[in-house]
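1. I would like the atomic coordinates for the input below:
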Amino acid sequence: MDTYDNLKQGERGAWVSIVAYIILSAFKISMGYITGSEALSADGINNTTDIIVSLAVLIGLRISRKPPDHDHPYGHMRAETIASMVASFIMFAAGIQVLIQAGQSFFEDKAQPPDMIAAWIALVCAVCMWFVYLYNSRLARKINNQSLMAAAYDNRSDALVSIGAAIGIFGARMGMPVLDAVAAFAVGIVICKTAWDIFYDATHALTDGFDEEKLTVFRQTVRDTPGVKGIKDIKARVHGSSVLLDVVVEVSAELSVEQSHHISDEIERRMNKKHHIENVHVHIEPYSGTC
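-> Now for the predicted structure:
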């Protein structure tokens, strides 16, 4: 039940991101139009796509909280991964639109650079988003939730994007108006890069890809368990924010069924305590001396 309680707590972080993005995107887009800043407007458009990402995380967390049923014996935790993939397509489309608008502005003759207030607005928004990042990253670590941590990294990148927009506006005010368009173009690239990262992580998880370095650490934990003489096979996959681990271990053929069962229970206990893995399937085989 801890997993489902953690998913419920994770919804708080998603709501914080949604509220922050709604306020900041509306503020940036309107002020970008008023001050004539392409970079600030692009940053605001970036935040509108982040609303969708945060909504996807929220919906995914809500669906993931549904308990297992006859059609989903492992539960519904992959819903958040699927939602992230859908959000990545929307983000990529928005990023392309920002790049097109920034490219068109390169060929426009702008008589006046953006108002200086646009730069200060971007910096204030960057500070606000940095606090949202700190909140979500701490909550994600507390509940060990990967999707919320990904949302936190998105919060951090948005803070950095706002700083970049401010730099572009300051440069434009110093006699280089093209820097505002350059900053807007950079924002578009960041949006597309973030969309690609989310898409890659989602597809990697949905195709049962797993980090080999983590698997090596898991293997060592199993190997160090008293009574384990060898490991014939070990596999892991991501199921939402949870890890499903399958391991085939060899134990002495002289052990009773009860003794072998105790070894299996100890492996499960260690994986839960050291790596927070609750779903471990252990298959016991007699030691052959080949591992």
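
2. contacts, neighbours, all on C-alpha from now
-> Noted.

3. From residue 90, how far out is residue 16?
-> Distance of residue 16 to residue 90, computed by C-alpha to C-alpha, to the nearest Å: 21 Å.

4. Give me the helices and strands touching the helix or strand where residue 199 lies, please.
-> Residue 199 belongs to helix 178-206 when assigned by DSSP states H and E. If you count contacts as 3 or more C-alpha pairs under 8 Å, 6 or more residues apart in numbering; DSSP states H and E, helix 178-206 packs onto helix 38-64, helix 79-106, helix 146-173, strand 230-239.

5. Now do the contacts for residue 9.
-> residue 143 (C-alpha atoms under 8 Å, 6 or more residues apart in numbering).

6. where's the helix or strand that contains it relative to the chain centroid, distance-wise?
-> Assigned by DSSP H and E, residue 9 belongs to helix 2-35. Distance of helix 2-35 from its chain centroid, counting by C-alpha atoms, centre = their mean, to the nearest Å, is 15 Å.

7. ditto for stretch 208-222
-> Counting by C-alpha atoms, centre = their mean, stretch 208-222 comes out at 20 Å from the chain centroid.

8. What are the buried residues along that stretch?
-> Neighbour-count burial for stretch 208-222 flags 215, 218-219, 222 (criterion: 16 or more other C-alpha atoms under 10 Å).

9. contact partners of it?
-> 204, 228, 231, 234-238, 267, 270-271.

10. do that again at 10 Å, thanks
-> 201-205, 223, 228, 230-231, 233-239, 243, 245, 247-249, 264, 266-268, 270-271, 274-275, 277 (C-alpha atoms under 10 Å, 6 or more residues apart in numbering).

11. Would you write a PyMOL line that selects the buried entries of those?
-> What follows is the PyMOL syntax selecting those of the contacts of stretch 208-222 that are buried according to 16+ other C-alpha under 10 Å:
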select buried, resi 202+204+205+223+228+230+231+234+235+236+237+238+239+243+245+247+248+249+264+266+267+268+270+271+277
